[in-house]
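Participant: coordinates for the following, if possible.
(one chain, ligands or ions: 2)
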Amino acid sequence: MKILSAAQTRALDQATIAGQSITSAQLMERAAQELLFWFYGHYGHGRVPADTLLLCGPGNNGGDGLALARLLHGANYAVRVALLPADSYSADWWHNRQRLPAAVPAAEIGAEALPAISADTVVVDALFGTGLSRPLAGLAAAVVAHLNAARARVVAVDIPSGLFADAPQPAASTVVRARHTVSSGLPKLAFLLPQNAEFVGEWEVEDIDLSPQFIADTATPWHYTNAAAVAGQLPPRPKFSHKGTFGHALLLAGSRGKMGAAVLAAGACLRSGVGLLTAHIPGCGYDIFQISQPEAMCLTDAQADFISELPDLSPYQAVGIGPGLGQDAASLAVLRQLLEAAAKPLEKTGQSLPLVIDADALNLLGRHRELLKLLPENTVLTPHPKEFERLTEPARDDYHRLELLRDFATRYRCLVVLKGAYTCLATPSGELHFNSTGNAGMATGGSGDVLTGVLLALRSHAQLPAFEAVRLGVYAHGRAGDLAAAQTGQAGLVAGDIVRHIGPALAEV
Ligand SMILES: NC(=O)C1=CN([C@@H]2O[C@H](COP(=O)(O)OP(=O)(O)OC[C@H]3O[C@@H](n4cnc5c(N)ncnc54)[C@H](O)[C@@H]3O)[C@@H](O)[C@H]2O)[C@H](O)CC1
Ligand SMILES: [K+]
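Facilitator: Ligands and ions are numbered 1, 2, ... in the order given. Okay, the predicted model is just below:
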């Protein structure tokens, strides 16, 4: 699913209107109908709110609100409208202003006449949408401050008013704090960034049959990975397969006190369909590992407490390094040797050995940035924001972090998975793919080790190209977390639960 800019969204509206020979008022009616259905779904036909206030701005966002007021009134909701005065109003605003039944109270907002809002009022924020051109000020800001102070349940139409769809606004800007955002068409970039979560709340997009052709023809670096994006991407397992068919992976992981990371990554790798897995671990972990993951083969390092040797790489189709690795100088030497060895193209594929680099291996890269130029093409890095900062620089805000992410991925031609809510995968060509699966229960120790194992397995798969393998792995990891949390609850979720649900998550794909 593509994510378009505010300007592209407006062009999409026009293309839909022209392409389907409808009026803009009819497209607005579609949006309003979807908002009505959202109310039905959320409140049902019985328990309608005692008091529903529609705050309507002067443009088409306000027009959506006026149309919704009419539809809710028709559905026996107790509706009242408060109109933000402006020098001019859009044509579709007028159209729906005139169609508003006289029985619906409609008052103009004034500095001395702010609408009454009680804690059990449901407020629909239809002040501003993608036409916001500057931060809110004056009466518009006063109304929003009044709304936010009232602590009512707020449903934002299309986007919370005061929030730009695809760019940061000044830190002190006044923005509606919505419990829900019901948007039409495609997700807005703003919905996917942590700094906007307090304003956007729970968001969803409603399909109003916007021009698929225009969407297909519109270029954007931003994408949203939903089930449709990865459907059918996992190659079938031929009947006459053998272990070699699905690759032999090597995992370099573990140090004293952090052997669990190696066990979790190994378990995830095996559960993600790898043919064979060999783990190279420090001597202290031998019994732990062989007991915990009998399906994996195990090489032990000469060192007891950390990894100091790089095994011969020739048997392997992909290598993962980092979970629980520690940052000992000897491990740094192993990382350097691995990067140098992996850069040589494999005679079988002509490409460099696929690598997945995570956790302490990333921190070692961050402290020795001269190694970054050794990264083979399509190396997979899986930093969380702090680890990413150590690889680059502190980000001013979430938008700046995306710029840093795109620059890093294009500069080093690698696939960078920035982990968090809506995990973002940056590609060597500068695309950003935001993941739709996962939940806050996955913010638990070991969750990242599990992702490393999943990605290692999929990068070992001969038929999966690099980008598709990583996008699928990120999706499946989050989906496994959702399936697990349905059993354990988010608080009760531990990384091992994710491992146990990877199989079912991949089976869905
Ligand atoms: N496909 C869709 O997504 C559809 C969306 N619809 C709705 O249309 C709005 C966009 O409407 P638009 O008229 O372009 O702009 P807004 O209503 O967002 O803005 C209103 C108006 O406000 C003025 N303005 C901008 N910034 C400020 C400010 N800071 N202070 C005061 N006034 C401001 C500006 O001049 C605008 O004219 C979209 O969000 C959807 O809700 C369609 O209805 C259906 C299809
Ligand atoms: K709005």
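Participant: name the residues of this protein found near ligand 2, please.
Facilitator: 125, 156-157, 161 (Cβ under 5 Å from the ion). To be clear about C-beta, it is placed using only N, CA and C from the backbone, and glycine gets the same treatment.
Participant: how far does stretch 310-325 sit from its chain's centre?
Facilitator: Relative to its chain's centre, stretch 310-325 lies at 29 Å (Cα atoms, centre = their mean, to the nearest Å).
Participant: and that stretch, what's buried?
Facilitator: Under the neighbour-count criterion of 16 or more other Cβ atoms under 10 Å, stretch 310-325 has 310-311, 316-325 buried.
Participant: alpha carbons of it, as CSV, please.
Facilitator: Only the C-alpha atoms of stretch 310-325 are listed here, as CSV (Å, rounded to 0.1, in the frame of the first residue of the first chain):
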residue,chain,number,x,y,z
LEU,A,310,35.5,-16.7,12.4
PRO,A,311,34.7,-20.2,11.2
ASP,A,312,35.2,-21.2,7.5
LEU,A,313,32.3,-19.6,5.7
SER,A,314,32.1,-21.8,2.6
PRO,A,315,29.3,-24.1,3.8
TYR,A,316,26.8,-21.2,4.5
GLN,A,317,24.4,-19.3,2.4
ALA,A,318,23.9,-16.5,4.9
VAL,A,319,25.5,-15.3,8.1
GLY,A,320,23.9,-13.5,11.1
ILE,A,321,26.0,-11.8,13.8
GLY,A,322,25.3,-9.9,16.9
PRO,A,323,22.7,-11.3,19.3
GLY,A,324,24.4,-11.3,22.8
LEU,A,325,27.8,-10.9,21.1
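Participant: which helices and strands does the helix or strand where residue 449 lies pack with?
Facilitator: For residue 449, the host element (DSSP states H and E) is helix 447-459. Applying 3 or more Cβ pairs under 8 Å, 6 or more residues apart in numbering; DSSP states H and E, we find helix 447-459 packed against strand 248-252, helix 259-271, strand 318-321, strand 355-357, helix 359-367, helix 466-488, helix 495-500.
Participant: can you tell me the SS state at residue 205?
Facilitator: Secondary structure state of residue 205, per DSSP: H, G, I helix; E, B strand; the rest coil, is strand.
Participant: on that earlier part again, closest one to residue 55 among the helices and strands packed on helix 447-459?
Facilitator: Closest approach to residue 55 among those (Cβ to Cβ): helix 466-488, 34.2 Å.
Participant: what bridges to the closest residue to ligand 2 within the stretch 1-150 of the chain?
Facilitator: Sorted by distance to ligand 2 under Cβ to the ion, the residues of the stretch 1-150 of the chain start with residue 125, at 4.6 Å. Beta-bridge pairing for residue 125 (DSSP bridges): residue 55, residue 156.
Participant: all further residue positions should be reported with the first residue as 197.
Facilitator: All set: I'll call the first residue 197, so the last point we hit is now residue 321.
Participant: and it, what is it in contact with?
Facilitator: 251, 343, 350-353, 356-357, 372, 374 (Cβ atoms under 8 Å, 6 or more residues apart in numbering).
Participant: per-residue confidence at it?
Facilitator: Note on residue 321: pLDDT of 98.
Participant: same deal with residue 383?
Facilitator: Per-residue pLDDT puts residue 383 at 96.
Participant: try the one 10 residues further on
Facilitator: Per-residue confidence at residue 393 stands at 97 (pLDDT).
Participant: can you give me the strands in the stretch 397-546 of the chain?
Facilitator: Here the stretch 397-546 of the chain has its strands, by DSSP state E, counting those that start in this stretch, at 398-402, 418-421, 444-448, 472-477, 493-496, 514-517.
Participant: can I get those strands in JSON lines including mean pLDDT?
Facilitator: Output for these, formatted as JSON lines (pLDDT from 0 to 100):
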{"stretch": "strand 398-402", "mean pLDDT": "97"}
{"stretch": "strand 418-421", "mean pLDDT": "98"}
{"stretch": "strand 444-448", "mean pLDDT": "98"}
{"stretch": "strand 472-477", "mean pLDDT": "98"}
{"stretch": "strand 493-496", "mean pLDDT": "97"}
{"stretch": "strand 514-517", "mean pLDDT": "98"}
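Participant: distance to residue 702 added to those, as TSV?
Facilitator: Formatted as TSV, these follow (distance: least, Cβ to Cβ, whole Å):
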stretch	distance to residue 702
strand 398-402	26
strand 418-421	15
strand 444-448	16
strand 472-477	16
strand 493-496	23
strand 514-517	17
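Participant: great, nothing more from me.
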